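**Q** Sequence first, predicted model second:
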Amino acid sequence: MSHYHKILRKEIIARSEARNWDDARLEWRLYSIAWQKEGGRCICTHFIKEMCYIRNMVNDQTSTVGNCCINQFFARDLVSVFRALRANKINPALLAYADEEKVITKWEFNFMMDVWRKRKFTSSQSAKYNEIKDKIYSACRMEAEEI
């Protein structure tokens, strides 16, 4: 276990009702992600730009962790999600995240999965694609011009 992961565990236990890591990490849920150009700090003290906002479902405390530390809580890999967000692109990982988090409907998910690799859109496809993309980026607190 790295030095940073030791700090993460200590900080999360301090912010949790449970007094051990295995129980404490189960109290937390990811509620939002964002990419910040200027960056910030994970609670493990590591500099981060890929912000993962988590909330304790027992005591309602919130914390910010980085993309590496979030993997200590969940078996969810957000690397591909952040890669798409930084590049102002859509990929299956970002679409799956938006679907799981109920940012988009099943129809929107299926539509985006059908067209995300297309090079040419009809005007109505283009309008719908951009509308859904904007919806995803708004939910992730991302603005393409900041990237």
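**A** Arrived safely, thanks for sending.

**Q** what residues are up against the residue nearest the centre of the chain?
**A** Taking CA atoms, centre = their mean, the centroid of the chain lies closest to I33, which sits 3.6 Å from it. Listed by CB atoms under 8 Å, 6 or more residues apart in numbering, the contact set of I33 reads 50-53, 78, 81-82, 85, 97, 140-141. (Glycine included, C-beta is placed from N, CA and C.)

**Q** I'd like those written out as JSON lines, with distance to S63 added.
**A** Shown next, in JSON lines, are the contacts of I33 (distance: CB to CB, whole Å):
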{"residue": "E50", "distance to S63": "15"}
{"residue": "M51", "distance to S63": "11"}
{"residue": "C52", "distance to S63": "9"}
{"residue": "Y53", "distance to S63": "8"}
{"residue": "L78", "distance to S63": "16"}
{"residue": "V81", "distance to S63": "19"}
{"residue": "F82", "distance to S63": "18"}
{"residue": "L85", "distance to S63": "21"}
{"residue": "Y97", "distance to S63": "20"}
{"residue": "C140", "distance to S63": "18"}
{"residue": "R141", "distance to S63": "16"}
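
**Q** Quick check: ChimeraX command selecting the buried ones in those residues.
**A** Buried residues within those, by 16 or more other CB atoms under 10 Å, are selected in ChimeraX with:
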select :50,51,52,53,78,81,82,85,97,140
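
**Q** Now, the contacts of I33 that are in strands?
**A** The strands, defined by DSSP state E, take in 50-53 from the contacts of I33.

**Q** Kindly reformat these as TSV containing distance to N59 and pLDDT.
**A** Shown next, in TSV, are these (distance: CB to CB, whole Å; pLDDT from 0 to 100):
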residue	distance to N59	pLDDT
E50	25	91
M51	21	92
C52	19	93
Y53	16	93
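
**Q** could I get those residues as a markdown table with distance to A93?
**A** As requested, these are exported to a markdown table (distance: CB to CB, whole Å):
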| residue | distance to A93 |
| --- | --- |
| E50 | 13 |
| M51 | 17 |
| C52 | 14 |
| Y53 | 18 |
